[in-house]
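Q: Here is a sequence with its predicted model. Questions after.
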Amino acid sequence: MSHYDAIVIGAGHNGLTTANYLARGGMSVCVLEQRSIVGGAAVTEEFYPGYRNSTFSYVVSLLRPEVVEDLRLADYGYEAITLENALYIDSSGDHLLLTADEQFNQAQFEKFSQTDFQAYESFEHSVDQIGQLLAKQWLNEPPKLGEQGVGDLLTMLKVGVDVFRLDAEARWRLMQFFIGAPETIIDRWFESEKVKSMVAAHIMPANYAPLSQPGASLAMLHHAVGEVDGRAGAWGIVRGGMGGITQAMLKSSLALGVAVRTDAAVQQINVSDERVTGVTLASGEVLTAPVVAANTDPKRTFFTLLGEEHLPEGFTRDVKSFRQESASLRMNLALSELPEFSALPGAEGAHHRASITMIESADHLNAAFHSAKRGEPADPPIIEAIIPSVLDPTLTDTPGHHVMSLLCKYMPYDLSGGRSWDNEKDRITERIFSYVERFIPRLRDITVGHQCLTPLDLERMLGMTRGDICHGRLEPDQLFNMRPHPDAAQYATPVKGLYLCGSGAHPGGGVTGAPGHNAARRILRDA
């Protein structure tokens, strides 16, 4: 029987971040990972012979620079490459291609509106202001909702001061984002349907909501707090794929003496006298520790690994109602040549080095959501795509070949009529190919292999309840000191010694490292 000061369940980026900080604080730490590779959803794998890609999460921006610096990730091989451009396109060929050239961008907007370029600049300024305010809270433990100590009151005071440092308009916009519906915000700012669809798409990747849902705009702010190489709001890829982040975290952890075990699925969190004592693995092996930090999502942590018999009745009832679903389907394509877009013919261009959003209109997002709510995969889906091999040729063995990532929304976990994703996957995959071929006519001809990961696949492979890539929807009542519950929002849970360190805790989903950082700080404070 092995004993440690702390056991971390799950070697995703937050689990490795927690382990790293705990080891730096002098604790002996063991990280347990059910898969044969560390990284969780931030991994690079060969999905077809000779082609590698970021299997699940595929872009970087939200990873906190403090975590990058503290864990010395650059010293261990982490390198981000900025995605300079963004393309928003519909199947008719109408498109907005945005680059670093402001004059070029203005001309792109003026294809559809004479006023929306200036409106978009003002809108982005408001979003950036509010996003930076939120970013200040990401590496702080949320204050308690219930009985508050001096520290909680000081935190609330600091938040209030930060809010009132915003100008009057930004404070108003902040409230609109928290309680307003996206469609109201979008209609207030923009006149062109093309620009409206672009802004609507900003709420889509980490969300599962229609444009009419109050508070759904928060997903837009969640993605405005990031940066790449010090550039606020920038997005990028990682050289070698997203596994470059977690492999660097692994090396940093190993240098501090952290024990990391793969193929080590946890079957149960052990409890005695109302406090954790360690874990039992699926193999039957028992590891002991007075602290267990769970990088698993809240429902998996509390109900699959712990057991509700150890939890207060009201807490159990509330966490069962915690909304977990992102309706996400991921595809990775192996391509024999660079794809050519019918609307943008010719050799490699700015659009190949862009995030590519295929969306017909703002109404397309609403239709995709309501289809998924009925248990029908969106047809057509909204797709966010990138071709990372244009910026990083190391992802393929053959020069001139490429890999392409597709995030397809909204794809429900539960299909209508009792259908199974195991039976429907091939049919839905063909529908997705058919839709993308409206943009890239020869896509099937140049595809030599592909990987499709449905919400059910995500649940099976990563242990994410209902395939939720964010471990819980990013909506006002599921954020900050309510995530995932007021009695677990400070990372400690009602069971002594059990902590949450994954995306189901503040500040939420995305490859941030923030929950892992904050949980470790709380554990060290409690020790």
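A: Sure, I can see it.

Q: how about low-confidence regions in this structure?
A: Across the chain, residues meeting the criterion (pLDDT under 70) sit at 146-164, 222-223.

Q: May I have the lengthiest helix in the chain as PDB, with CA atoms only?
A: Taking DSSP state H as the assignment, the helix of the chain that covers the most residues is helix 116-135. Coordinates of each C-alpha in helix 116-135 appear next as PDB, following Å, rounded to 0.1, in the frame of the first residue of the first chain:
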ATOM      1  CA  ASP A 116     -20.600  47.800 -38.500                       C
ATOM      2  CA  PHE A 117     -16.800  48.100 -38.600                       C
ATOM      3  CA  GLN A 118     -16.900  51.100 -36.200                       C
ATOM      4  CA  ALA A 119     -19.600  49.400 -34.200                       C
ATOM      5  CA  TYR A 120     -17.500  46.200 -33.900                       C
ATOM      6  CA  GLU A 121     -14.400  48.100 -32.700                       C
ATOM      7  CA  SER A 122     -16.500  49.700 -30.000                       C
ATOM      8  CA  PHE A 123     -18.100  46.400 -29.100                       C
ATOM      9  CA  GLU A 124     -14.700  44.700 -28.900                       C
ATOM     10  CA  HIS A 125     -13.400  47.500 -26.600                       C
ATOM     11  CA  SER A 126     -16.300  46.900 -24.200                       C
ATOM     12  CA  VAL A 127     -15.800  43.100 -24.300                       C
ATOM     13  CA  ASP A 128     -12.000  43.600 -23.700                       C
ATOM     14  CA  GLN A 129     -12.700  45.900 -20.700                       C
ATOM     15  CA  ILE A 130     -15.100  43.400 -19.100                       C
ATOM     16  CA  GLY A 131     -13.000  40.400 -20.000                       C
ATOM     17  CA  GLN A 132      -9.900  41.900 -18.300                       C
ATOM     18  CA  LEU A 133     -12.000  42.600 -15.200                       C
ATOM     19  CA  LEU A 134     -13.000  38.900 -15.100                       C
ATOM     20  CA  ALA A 135      -9.500  37.700 -15.800                       C
END
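
Q: Tell me the buried residues in stretch 210-218?
A: If you call a residue buried by 16 or more other C-beta atoms under 10 Å, then stretch 210-218 has these buried ones: 210-211, 213-218. Quick note: C-beta positions are derived from backbone N, CA and C, even for glycine.

Q: repeat for stretch 244-260
A: In stretch 244-260, counting by 16+ other C-beta under 10 Å, buried: 244-253, 258-260.

Q: Now the two most distant members of these.
A: The largest separation in the buried residues of stretch 244-260, counting by C-beta to C-beta, is between 244 and 259 at 22.5 Å.

Q: could you pull out the helices for the stretch 101-250 of the chain?
A: If DSSP state H, counting those that start in this stretch is used as the criterion, the helices of the stretch 101-250 of the chain fall at 102-110, 116-135, 150-165, 168-179, 182-189, 193-201, 218-222, 243-255.

Q: I'd like those written out as JSON lines, with distance to residue 339 added.
A: As requested, the helices of the stretch 101-250 of the chain are arranged in JSON lines below (distance: least, C-beta to C-beta, whole Å):
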{"stretch": "helix 102-110", "distance to residue 339": "21"}
{"stretch": "helix 116-135", "distance to residue 339": "28"}
{"stretch": "helix 150-165", "distance to residue 339": "44"}
{"stretch": "helix 168-179", "distance to residue 339": "35"}
{"stretch": "helix 182-189", "distance to residue 339": "30"}
{"stretch": "helix 193-201", "distance to residue 339": "20"}
{"stretch": "helix 218-222", "distance to residue 339": "28"}
{"stretch": "helix 243-255", "distance to residue 339": "24"}
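
Q: So which of these is nearest residue 383?
A: helix 193-201 (9.9 Å).

Q: what angle do that closest one and helix 102-110 make?
A: Between helix 193-201 and helix 102-110, the angle comes out at 110 degrees (axes from the mean of the first three to the mean of the last three C-alpha atoms, to 10 degrees).

Q: Tell me how far the longest helix of the chain lies from the chain's centre.
A: 21 Å (C-alpha atoms, centre = their mean, to the nearest Å).

Q: Now that helix: buried residues?
A: If you call a residue buried by 16+ other C-beta under 10 Å, then helix 116-135 has these buried ones: 116-117, 119-120, 123, 126-135.

Q: got it, and stretch 303-323?
A: Neighbour-count burial for stretch 303-323, counted by 16+ other C-beta under 10 Å, picks out 304-306, 310-311, 315-316, 318-319, 322.

Q: Dump those into CSV; add secondary structure and distance to residue 357 as well.
A: Rendered in CSV, the data for the buried residues of stretch 303-323 read as follows (DSSP: H, G, I helix; E, B strand; the rest coil; distance: C-beta to C-beta, whole Å):
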residue, secondary structure, distance to residue 357
304, helix, 35
305, helix, 37
306, helix, 39
310, helix, 44
311, coil, 41
315, helix, 39
316, helix, 40
318, helix, 36
319, helix, 34
322, coil, 29
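
Q: which outside residues touch stretch 280-290?
A: Applying C-beta atoms under 8 Å, 6 or more residues apart in numbering, the external contacts of stretch 280-290 come out as 1-7, 30, 32, 34, 264-268, 270, 275-279, 497.
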